[in-house]
Structure formats: C-alpha cells, structure tokens
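S.K.: predicted model follows, preceded by the sequence.
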Amino acid sequence: MDAVRPWPQLAPQGWLGLSLLTVCWPLNWTLPGLRTAYLFFPLWLGYILVVDALVKARAGTSLWTRARGGFLLLFLLSVPAWWLFEIINWRTGNWEYLGAGTFTPLEYYALCTLSFSTVMPAVFETAELVRTCHWVQALPAGARIPDTPRVNRGLLLAGLIMLALTLLWPKWFYPLVWISLVFICEPTNRRLGRRHFLEWLQRGDWRPVISLSLGALTCGFFWEMWNYWSWPRWIYHTPGAQFLHIFEMPLLGYGGYLPFALELFALKNLLWCRGPELGF
C-alpha cells in the first residue's frame, strides 16, 4: 500500500456518522425502557461511517468510495454470516439476550437481523483502518505456510474435528467455534478459486491477518462497552472463563474476537466471491 497520507478534512460520511453517534450513544445509555433494539443499528452505522471516513483520510480510498454498491451489500451478507453463529449458540448457549422476551417472535427476528447486518461492515472497515497504520505496513515477512493440497486437507480435517467437538461437548470445547469455521472455509475457498489467507501467508505476509484480528478486537471493545448499559442486552455463559470481566465479557473471551474476524473474511469470500475488494 502507498505511504500514509496526511489527515485531510473528514469526508461527508464521517460527519453523518459523527451525528449518529452523538445522538444515539447517549440515548442508548440514558433512555428508560426498551431502546437498544432500535438504536443499535443507527449507532453502529455511525461507527461504520466514521471509520470509513478515517480510512479515506488515511489511505485516500475506502470501502464506500471504492464500491458503494458492494459496501451496501456487505450489510446483507453480514446477516446470514452472524445468524450462523446464533444457530451454533443454540447448542453451546454461550450468550443470551436479556429483554428479548418483550418482543413478539417476528419483532425479535426482524430487529436481530437488522442489528446483525452491521457486523461485517464494522469489522472490515476497522481492519482497513488498522492496515493504514505505519507499524502494520512496516511489518517484515513472518513464518511462511505453504499453500499446498496437503496443508489444506489438514486445515479442513482440523476444522471439521473442532466443529464436531464443539457441537458434541459444548461445555468443554465451545471456544473452538471461533476458529473451526475459518479452517473449514479456507480450503473450501481455495478449492473454489476464491480469496484465501494462504495467498498471503505462503509469502510470509501476515498483515491482512493482523489487520483483521485487531479490527475485530477493536469492534469487540465497542460492542461490549455499548452493550453494558443497554437494554435489551446480552450476557455470557462461558464455563471456566467467568472471571476478570471487562464489561459483560470475561477477559479471556476477548481472545475469540481475533479469529472471529478471519471467519468473517472467509465466510464473505465463500458466500460472495465477487464482493468488494478489501484494503488489506
């Protein structure tokens, strides 16, 4: 990527995002009764637009400016991607939504779907912002992982075993859900001729992995912070890790955000091979 540019004036989408954050953040924490179900989407849309404007200022391009149609379609693609994790959670039971019972089933699934649409855009935008940091750009080549059929067969087998362990014995193996899907999707994407991580890792280029992981960790902090004083809100049930909480999330749980970003990227390539190119 080209050298980082100086910070010019914030793009219009950034000012719109700041306006949404300024209004929705205080309301989400201070209004009585149900509010987060309706404020979650505009709050996170504000975050996404602000980060997109920062990426544009830093790199001269962003998801919104490169492919507006693709940017919008990421919101649609995010929905089935996160519902997949919700379906797995029916088995693992690692989180639940307090206050969900106040909605009818139709209201609940409609509002959840709207909220879930922000996951991929938020993570990918933040990952692009991390990628503009000088220290990320300057990272030297690291360990090389060959992109061979044998390696991909090993990844697929490992992913299937981890997912099976998660579903069979969720009390003990539930953390594996946050890495198993990328191990399954990675060789599948390679077989289908789609983007996959070993394209970079075979050259020792870990910058896309690092950018995605830190992007999701940053989003994780905001998810947990904004959730803490929200209503409805989620809480966690994580056997063996219920200590040293930062907001509702146990400290160890934040480690799950690192591979979660890789799963989102792999799912994006699997579900939408012609999706917008990400600036990693």
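M.R.: Happy to help now that I have it.

S.K.: show me the contacts for the residue minimising distance to the centre of the chain.
M.R.: Centroid check for the chain by Cα atoms, centre = their mean gives residue 123 as the closest residue, at 4.0 Å. Taking Cβ atoms under 8 Å, 6 or more residues apart in numbering as the criterion, residue 123 is in contact with 212, 215-216, 219, 260-261, 264. For every residue, glycine as well, the C-beta is placed using N, CA and C.

S.K.: with just CA atoms, put the regular element (helix or strand) spanning it into PDB.
M.R.: In this structure, residue 123 sits in helix 119-131 according to DSSP states H and E. This file holds the C-alpha atoms of helix 119-131, laid out as PDB (Å, rounded to 0.1, in the frame of the first residue of the first chain):
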ATOM      1  CA  VAL A 119     -21.100  -6.900  11.900                       C
ATOM      2  CA  MET A 120     -19.200  -7.400   8.700                       C
ATOM      3  CA  PRO A 121     -19.000  -3.700   7.700                       C
ATOM      4  CA  ALA A 122     -17.900  -2.700  11.100                       C
ATOM      5  CA  VAL A 123     -15.100  -5.300  11.300                       C
ATOM      6  CA  PHE A 124     -13.900  -4.800   7.700                       C
ATOM      7  CA  GLU A 125     -13.900  -1.100   8.000                       C
ATOM      8  CA  THR A 126     -11.900  -1.200  11.200                       C
ATOM      9  CA  ALA A 127      -9.500  -3.700   9.800                       C
ATOM     10  CA  GLU A 128      -8.800  -1.300   6.900                       C
ATOM     11  CA  LEU A 129      -8.100   1.400   9.400                       C
ATOM     12  CA  VAL A 130      -5.600  -0.800  11.200                       C
ATOM     13  CA  ARG A 131      -4.000  -1.600   7.900                       C
END
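
S.K.: what about residue 118, neighbour count?
M.R.: Using other Cβ atoms under 10 Å, residue 118 is surrounded by 24 other residues.

S.K.: next: residue 249.
M.R.: 25.

S.K.: what's the answer for residue 170, then?
M.R.: 18.

S.K.: switch to numbering from 147
M.R.: New numbering, starting at 147: the last item is residue 316.

S.K.: give me the mean pLDDT for the helix holding residue 269.
M.R.: Mean pLDDT, computed over helix 265-277, is 97.

S.K.: please state the offset of the helix or strand just after that helix from the chain centre?
M.R.: Next helix or strand after helix 265-277 toward the C-terminus (DSSP H and E): helix 280-283. On the basis of Cα atoms, centre = their mean, to the nearest Å, helix 280-283 sits 21 Å off its chain's mean C-alpha point.

S.K.: which SSE is immediately downstream of helix 280-283?
M.R.: The element immediately downstream of helix 280-283 (helix or strand, assigned by DSSP H and E) is helix 295-314.

S.K.: show me what that next one is packed up against.
M.R.: In terms of contacts (3 or more Cβ pairs under 8 Å, 6 or more residues apart in numbering; DSSP states H and E), helix 295-314 is packed against helix 214-238, helix 316-319, helix 323-337.

S.K.: buried residues in the longest one?
M.R.: What it means is helix 214-238. Residues of helix 214-238 classed as buried: 216-217, 219-221, 223-225, 227-228, 231, 234-235, 238 (neighbour count, 16 or more other Cβ atoms under 10 Å).
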